[in-house]
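Asks: The following block contains a protein sequence and its predicted model.
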Amino acid sequence: MSFKVSGGKVEDGVVFGNTFDKYGSKNPIVRWMMSGFDSSLEKFVAQANPKTIHEVGCGEGFWVNKWNENGLKAVGSDFSHDVISIAKENALSKKLTPEVFNIKSIYDLTPETDSADLIVCCEVMEHLEDPERAMKILQSLVDKYLIISVPREPVWCALNMARGKYIKDFGNTPGHIQHWSKKSFVKFTEKYFKIIEVTSPFPWTMLLCVPYEKN
């Protein structure tokens with residue numbers, strides 16, 4: 001059974017999940033871009049060497065399922081009922097437990113039930129109306145490490161324009177309401193976490209961070 005995606009649907013006015021199966025794409029450009037993203041994320045996870053992982057905004061569960069397949073202890077949460085339902089289907093197709101996925105907005109997460117050695121929050125912040133509030137919640141959840149990534153602007157929108165997508169919105173992907181350059185996202189994140197390493201898998205910015213108080 002192939003990896004199931006949401007197809008870019010909208011729930012509560014917010015686009016959730018992936019518009020297409022970027023992990024299984026046969027397009028050589030998409031495969032090259034995803035290879036860079038995957039390699040960067042896997043490298044950071046190896047550096048963190050966590051006992052527990054919580055992916056906030058896990059979408060259809062690709063990474064949570066992969067980590068659990070590899071023997072790590074991972075859970076995932078997302079605000080969307082539909083995308084968590086798909087994540088559970090994807091887990092069952094791999095004979096993994098679906099109970100690791102929970103319906104929860106980032107704004108409703110608490111350290112009592114949602115903290116982990118490693119918090120992963122990739123491709124989430126650009127969708128949020130209040131990223132400052134979200135970062136404060138992530139601060140409360142991270143025991144040891146945070147991996148966080150966002151699309152790198154204005155490269156992201158320029159790429160969309162170049163391939164003829166979202167022209168009337170100047171290349172802005174539906175649902176992206178926050179936009180950061182690499183420099184501005186580093187500056188934003190430094191207010192909440194100590195940044196250990198910055199990487200730029202094209203066209204994203206990805207950071208490995210630790211809490212300030214743990215240093």
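Replies: All right, it came through fine.

Asks: what's the strand or helix carrying residue 133 packed up against?
Replies: Using DSSP states H and E, residue 133 sits in helix 131-141. Contacts defined by 3 or more Cβ pairs under 8 Å, 6 or more residues apart in numbering; DSSP states H and E place helix 131-141 against strand 52-56, helix 111-114, strand 116-122, helix 182-189, strand 193-199. For every residue, glycine as well, the C-beta is placed using N, CA and C.

Asks: Export those as a markdown table, with columns for mean pLDDT.
Replies: Putting the helices and strands packed on helix 131-141 into a markdown table (pLDDT from 0 to 100) gives the following:
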| stretch | mean pLDDT |
| --- | --- |
| strand 52-56 | 98 |
| helix 111-114 | 97 |
| strand 116-122 | 98 |
| helix 182-189 | 98 |
| strand 193-199 | 98 |
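
Asks: Mean pLDDT per element in this protein, and the minimum belongs to which helix or strand?
Replies: Across the helices and strands of the chain, the lowest-confidence element by mean pLDDT, DSSP states H and E is strand 14-15, at a mean of 68.

Asks: Identify the bridge partners of the residue most central in space within the chain.
Replies: Nearest to the geometric centre of the chain sits residue 122, at 2.0 Å (Cα atoms, centre = their mean). Beta-bridge partners for residue 122, by DSSP bridges, are residue 149.

Asks: State the distance from it to residue 188.
Replies: 16 Å (Cβ to Cβ, to the nearest Å).

Asks: was I right about residue 5 contacting residue 89?
Replies: No. Using Cβ atoms under 8 Å, residue 5 is not in contact with residue 89, being 10.9 Å away.

Asks: How confident is the prediction for the residue nearest to residue 158 when sequence neighbours are not counted, by pLDDT?
Replies: Once flanking residues are discounted, residue 158 sits nearest to residue 171: 6.2 Å by Cβ to Cβ, 6 or more residues apart in numbering. The model reports residue 171 with a pLDDT of 91.

Asks: Return the set of buried residues in the lengthiest helix in the chain.
Replies: When the chain is parsed with DSSP state H, its longest helix is helix 28-48. For helix 28-48, the neighbour count (16 or more other Cβ atoms under 10 Å) marks 33-34, 36-37, 40-41, 43-45, 48 as buried.

Asks: same question, stretch 102-111
Replies: 102, 104-106, 109.

Asks: Can you tell me the SS state at residue 175?
Replies: Taken by DSSP: H, G, I helix; E, B strand; the rest coil, the conformation at residue 175 corresponds to coil.

Asks: how many neighbours does it have?
Replies: 14 (other Cβ atoms under 10 Å).

Asks: That one contacts residue 128, doesn't it?
Replies: No. Assessed by Cβ under 8 Å, residue 175 is found out of contact with residue 128, at 10.2 Å.

Asks: Residues in a beta bridge with residue 77, which ones?
Replies: With DSSP bridges as the rule, residue 77 is bridged to residue 56, residue 102.

Asks: so the helix holding residue 133 versus strand 193-199, what angle?
Replies: Compare the direction of helix 131-141 with that of strand 193-199 by axes from the mean of the first three to the mean of the last three Cα atoms, to 10 degrees and you get 100 degrees.
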